[in-house]
Every structure is written in C-alpha cells, then in structure tokens.
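Enquirer: Pasting the sequence and the predicted model now:
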Amino acid sequence: MAAQRQIATTRKHKPRKTDKTAPLRVLAIEMPVGMTDPILEQAGKAGWILSMSRYYHGTSARQCIEWWGADGVLVGPAADDAPHDYWDDCPVPVVHVSGWVAARNAIIPDCRAAGRMAAEHLIEHGFRRLVYLMMGAQEYVMGQREGFLSAAAAAGIDAVSVDWYDKWREFGEGPPGLRRFLAHTLAAMGPPVGLMVDEDWTALEAVEACREEGLEVPDRVAIVGVGNSPTICVNARVPLSSVDLNYGEMARQAITILADRMAGKNIPPGRVAVAPRGLVARRSSDILAADHPQVAKAIRFMWDRYADAGVGTPQVVAATSLSRTALTRAFKQCLGRTITKVLLDLRLRHARELLATTPLKVLQVASRCGFADANSLRGVLRRQSGAGPRAWRHQQQDGAAAPD
C-alpha cells in the first residue's frame with residue numbers, strides 16, 4: 001500500500017488530559033457510511049470514548065470541540081465544506097478522513113489507483129469504448145480521471161471524460177437532468193461502452209439512465225462505481241460493481257495518527273494515501289463486451305444459463321440466428337476465444353467467487369456453476385491455477401496451502 005508518510009501539522013499539540021488513566025474522548029464528525037463501522041472498531045481497540053456527530057455549521061471549531069470535551073477530532077468529507085482554515089482553529093489534533101478536499105492533515109484514498117483499477121477491469125472484459133463521468137473538478141475526481149485515462153492509454157484504448165457540471169444547464173438540474181445527460185452521452189458513443197463514475201450513488205443514476213434509454217446493463221453499458229457501499233451497490237436495480245476504497249485501512253491509519261498526535265508526538269508533514277482493496281465485480285460490469293449482436297446475444301444466454309450443466313456449445317448456438325461455424329468465427333474475431341472457452345471461463349469465475357466468499361462444499365459450488373460434478377471443477381481449477389478447490393480457497397483466505 002502506498003503510504004505518503006506522514007500527516008502534516010501546523011502546531012505541536014500537547015496532551016490535554018491531566019488524568020492519564022482517563023479514556024480519551026474523540027469526536028468523529030460526518031463520517032462516510034462505509035467508514036462508520038471501521039472507525040467504531042478501531043476506536044474501541046484504542047479504548048477511546050467516541051462520539052459520532054453531525055457537523056454544527058455556524059459555530060467555531062473551538063466551540064464545537066469544547067461542547068464535547070474532545071481530545072481529538074476525525075473529520076469526514078461532509079464536514080469538509082467549511083472554510084479552508086476552519087479546522088486550524090481547533091485546540092486539539094484533527095485528522096481528515098477521505099481526502100475529498102486538499103486538507104493538510106488527511107488520510108486519503110489513492111484515487112488514481114481506483115481509476116486505474118476500473119479501467120483495467122473494463123478492458124479485461126472486452127470494452128473498447130471507455131467513459132469517465134466527472135462531477136466537477138474536486139481532487140478525488142481528478143485523481144480518478146487521471147488513473148482511468150492513463151490505464152486506457154497504456155492499453156492503446158481511447159477513453160474520454162465528460163463533466164456533468166458543464167452540461168447541467170442544458171439537460172436540467174438534479175437526478176433527472178443527470179440521467180438525461182448520461183443517456184445522451186452513452187447513446188451517442190454507440191454501445192458497448194464501459195463507464196466509470198465518481199461515486200456509487202452516481203452509478204445508481206447511470207443504471208436508471210440506461211434503463212430509460214433502453215440500453216441493457218451490462219450488455220450494452222458496463223458500469224463501475226467507487227466506494228463499494230452495500231446499501232447502494234447490492235440493492236440497485238442491477239447490482240453495482242465498485243472499487244472498494246479500503247475504508248478499514250483508512251480508519252486504522254486515522255486512529256494511529258490521531259493517537260500519536262494526541263500523545264503529543266510531532267508528526268512530520270505529509271498525507272497518507274491508502275491503496276484500494278480492489279474492485280468488487282457485480283452484475284453491472286461482469287460480462288464480456290461484444291460489438292457483434294449475435295455474439296452479444298450468445299453471451300447473454302450464457303450468463304442466464306451457465307449454472308445449467310446441460311448447456312454447452314449446441315445450446316448457445318441455438319440461442320442465436322447463426323450457424324455453429326459462423327458463430328464460432330464471430331467469437332474468435334470479437335473475443336479471441338471459442339464458445340466453449342468463454343462458457344468455461346464464466347463458470348470458473350463464478351466458482352472461484354463462491355469458493356472465496358462462501359463456506360459451500362466443492363460439490364455444491366460445482367452444481368451452482370454448471371460443472372457436471374466436483375471432479376470436473378477440481379480438474380479445471382487445477383489446470384487453470386495449479387491448485388484444487390480447497391487449496392485455492394485456503395490460499396485466498398489465508399495465503400497458505402492446504403491439501404485437497
């Protein structure tokens with residue numbers, strides 16, 4: 001993980017507690033939803049009294065801290081719209097968590113890495129027309145944009161960025177205007193298109209825009225958000241793929257730095273950049289892109305029926321209007337793979353996901369992913385990764401090997 005050590009400080013804070021046995025009191029203001037639980041967990045381990053609070057506009061930072069008797073403050077992004085020097089007035093150490101603004105004392109996500117991850121994911125899934133949707137020119141947006149465009153350029157793929165803030169007057173305000181703008185942009189590019197947006201809630205609007213325009217997700221438009229908020233991603237009309245910004249590690253870093261500063265340690269200037277945990281692939285992007293309409297139709301059939309062990313190349317061909325020879329040729333031209341290989345890769349991808357994230361037995365995984373039996377899954381997985389199901393599962397969970 002990238003760590004641009006360390007947190008900047010405008011003054012050396014001295015410990016405020018005269019009773020060293022008394023627990024420290026920390027005020028966490030406007031924490032993002034995905035960070036609430038990690039902050040609570042880390043603060044509990046540190047033995048702090050933690051107050052989760054809203055931000056009181058119209059009060060001075062000093063007064064806000066005195067109300068709570070706080071020894072330190074964690075500031076979330078929603079409280080970062082205060083004047084630039086607002087938090088400098090605090091008589092206690094302050095650490096910003098999220099980096100939505102260019103705060104001096106901040107734990108920030110590596111937004112460039114997040115953009116790069118999204119682009120690489122879409123490219124791996126065959127998308128050759130990529131779009132990054134901007135919502136203004138905030139620091140985190142520009143970082144995502146840079147990473148997204150640079151990853152596309154490195155792969156020799158054209159990618160563009162579009163800024164909603166430049167177009168809202170033309171298309172209207174609020175979510176309805178954003179959906180109209182998205183539908184217009186995506187339709188003009190011609191599907192299939194791979195789209196990254198700056199946050200999960202924007203990805204939710206993108207799904208609705210595609211529905212209104214008649215663009216199937218992910219067949220015609222694959223969508224990737226940022227934040228991996230379960231309340232948004234899992235319950236969307238189409239479950240959303242999203243970059244996990246590693247809120248748990250951000251919380252750990254924030255607690256560590258704040259604890260050091262509350263102890264009176266002089267922390268050198270800098271900010272901490274935390275690498276994302278990875279991209280969590282869900283239905284909104286987890287498909288192969290194909291310009292050929294019959295190949296796209298075949299892929300859709302595979303996605304709908306991959307769990308049926310009776311589905312093979314003959315059934316896939318029958319779901320299209322092409323002959324086996326013509327469809328095979330189209331698959332080779334569009335995807336560089338045979339129909340059989342694409343279907344096998346799809347089944348194996350889902351088997352790996354179940355092995356890594358569930359306690360299902362190998363036979364149950366095989367049954368849910370279209371393998372004839374457990375031995376079939378074992379053989380394919382060994383050829384692909386050199387390990388059987390149980391060993392592969394153990395490697396994912398613990399990084400160790402286990403006998404099959």
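Expert: Noted; the coordinates are in hand.
Enquirer: What count of nearby residues applies to the closest residue to P389 other than its chain neighbours?
Expert: Leaving aside its sequence neighbours, P389 sits nearest to V362 (C-beta to C-beta, 6 or more residues apart in numbering; 4.5 Å). C-beta: built from backbone N, CA, C; applies to glycine. For V362, the neighbour count with other C-beta atoms under 10 Å is 22.
Enquirer: Please enumerate the helices of the stretch 101-250 of the chain.
Expert: Along the stretch 101-250 of the chain, counting by DSSP state H, counting those that start in this stretch, helices occupy 111-124, 139-154, 168-171, 174-189, 200-213, 230-233, 247-262.
Enquirer: sorry, back to before: ok, the residue nearest to P389 touching R390?
Expert: Yes: using C-beta atoms under 8 Å, V362 makes contact with R390 at a distance of 6.9 Å.
Enquirer: Which stretches in the stretch 1-150 of the chain count as strands?
Expert: 25-29, 49-53, 72-75, 94-97, 106-109, 130-134 (DSSP state E, counting those that start in this stretch).
Enquirer: Show me which of those strands has the highest average neighbour count.
Expert: Stretch with highest mean neighbour count among these: strand 94-97 (a mean of 29; mean count of other C-beta atoms under 10 Å).
Enquirer: now for that one, which elements pack on it?
Expert: If contacts are counted by 3 or more C-beta pairs under 8 Å, 6 or more residues apart in numbering; DSSP states H and E, strand 94-97 sits against strand 72-75, strand 106-109, helix 247-262.
Enquirer: Neighbouring strands of that strand in the sheet, and parallel or not?
Expert: Paired strands of strand 94-97, with direction, are strand 72-75 (parallel), strand 106-109 (parallel) (DSSP bridges).
Enquirer: Adding mean pLDDT and distance to D260, write those out as a markdown table.
Expert: Converted to a markdown table, the strands paired with strand 94-97 look like this (pLDDT from 0 to 100; distance: least, C-beta to C-beta, whole Å):
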| stretch | mean pLDDT | distance to D260 |
| --- | --- | --- |
| strand 72-75 | 89 | 10 |
| strand 106-109 | 88 | 13 |
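Enquirer: Redo those as CSV? Include distance to R261.
Expert: Listed next are the strands paired with strand 94-97 as CSV, based on distance: least, C-beta to C-beta, whole Å:
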stretch, distance to R261
strand 72-75, 7
strand 106-109, 12
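Enquirer: and of those, who's closest to V162?
Expert: Smallest distance to V162 across the strands paired with strand 94-97 (C-beta to C-beta): 22.3 Å, for strand 106-109.
Enquirer: contacting residues around that closest one?
Expert: 7, 95-99, 140, 245-246, 250, 253-254, 257, 271-274, 276 (C-beta atoms under 8 Å, 6 or more residues apart in numbering).
Enquirer: Can you say which of the residues you listed are buried?
Expert: 7, 95-99, 140, 245-246, 250, 253-254, 257, 271-274, 276 (16 or more other C-beta atoms under 10 Å).
Enquirer: Let me see the backbone angles for the closest residue to L24 other than its chain neighbours.
Expert: Nearest non-adjacent residue to L24, counting by C-beta to C-beta, 6+ apart: D71, 4.5 Å away. With angles defined as degrees, to the nearest 10, D71 sits at phi -90, psi -10.
Enquirer: Measure how buried D71 is and give me the count.
Expert: 24.
Enquirer: wait, doesn't it sit right on V92?
Expert: Yes: if you go by C-beta under 8 Å, D71 and V92 touch, sitting 5.7 Å apart.
Enquirer: Could you list the low-confidence segments of this structure?
Expert: Within the chain, the ranges that satisfy pLDDT under 70 run 1-20, 55-58, 78-85, 99-104, 268-270, 289-290, 396-404.
Enquirer: biggest helix in it, by residue count?
Expert: helix 339-357 (DSSP state H).
Enquirer: buried sites along that one?
Expert: In helix 339-357, counting by 16+ other C-beta under 10 Å, buried: 339, 342-344, 346-348, 350-352, 354-355.
Enquirer: returning to what we had before: with distance to I29 as extra columns, can I get the helices of the stretch 101-250 of the chain in TSV?
Expert: What follows is these, written out as TSV (distance: least, C-beta to C-beta, whole Å):
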stretch	distance to I29
helix 111-124	22
helix 139-154	19
helix 168-171	29
helix 174-189	27
helix 200-213	21
helix 230-233	21
helix 247-262	12
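Enquirer: which stretch among the ones you listed comes nearest A326?
Expert: helix 111-124 (26.3 Å).
Enquirer: How about residues contacting that closest one?
Expert: Under C-beta under 8 Å, 6+ apart, the answer for helix 111-124 is 2, 99, 130, 132, 139-152, 155, 157, 159, 194, 196, 222, 224, 226, 241, 243, 245, 275-276, 278-279, 281, 285.
Enquirer: what's the offset of it from the middle of its chain?
Expert: How far helix 111-124 lies from its chain's middle: 10 Å, per C-alpha atoms, centre = their mean, to the nearest Å.
Enquirer: how about the CA coordinates for it, as PDB?
Expert: C-alpha atoms of helix 111-124 as PDB (Å, rounded to 0.1, in the frame of the first residue of the first chain):
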ATOM      1  CA  CYS A 111      -7.900   7.800  -6.200                       C
ATOM      2  CA  ARG A 112      -5.600   7.400  -9.200                       C
ATOM      3  CA  ALA A 113      -5.300   3.700  -8.400                       C
ATOM      4  CA  ALA A 114      -9.100   3.500  -8.100                       C
ATOM      5  CA  GLY A 115      -9.400   4.900 -11.600                       C
ATOM      6  CA  ARG A 116      -6.800   2.600 -13.000                       C
ATOM      7  CA  MET A 117      -8.500  -0.400 -11.400                       C
ATOM      8  CA  ALA A 118     -11.800   0.400 -13.000                       C
ATOM      9  CA  ALA A 119     -10.300   0.900 -16.500                       C
ATOM     10  CA  GLU A 120      -8.400  -2.300 -16.300                       C
ATOM     11  CA  HIS A 121     -11.500  -4.200 -15.200                       C
ATOM     12  CA  LEU A 122     -13.500  -2.900 -18.100                       C
ATOM     13  CA  ILE A 123     -10.700  -3.500 -20.600                       C
ATOM     14  CA  GLU A 124     -10.300  -7.100 -19.300                       C
END
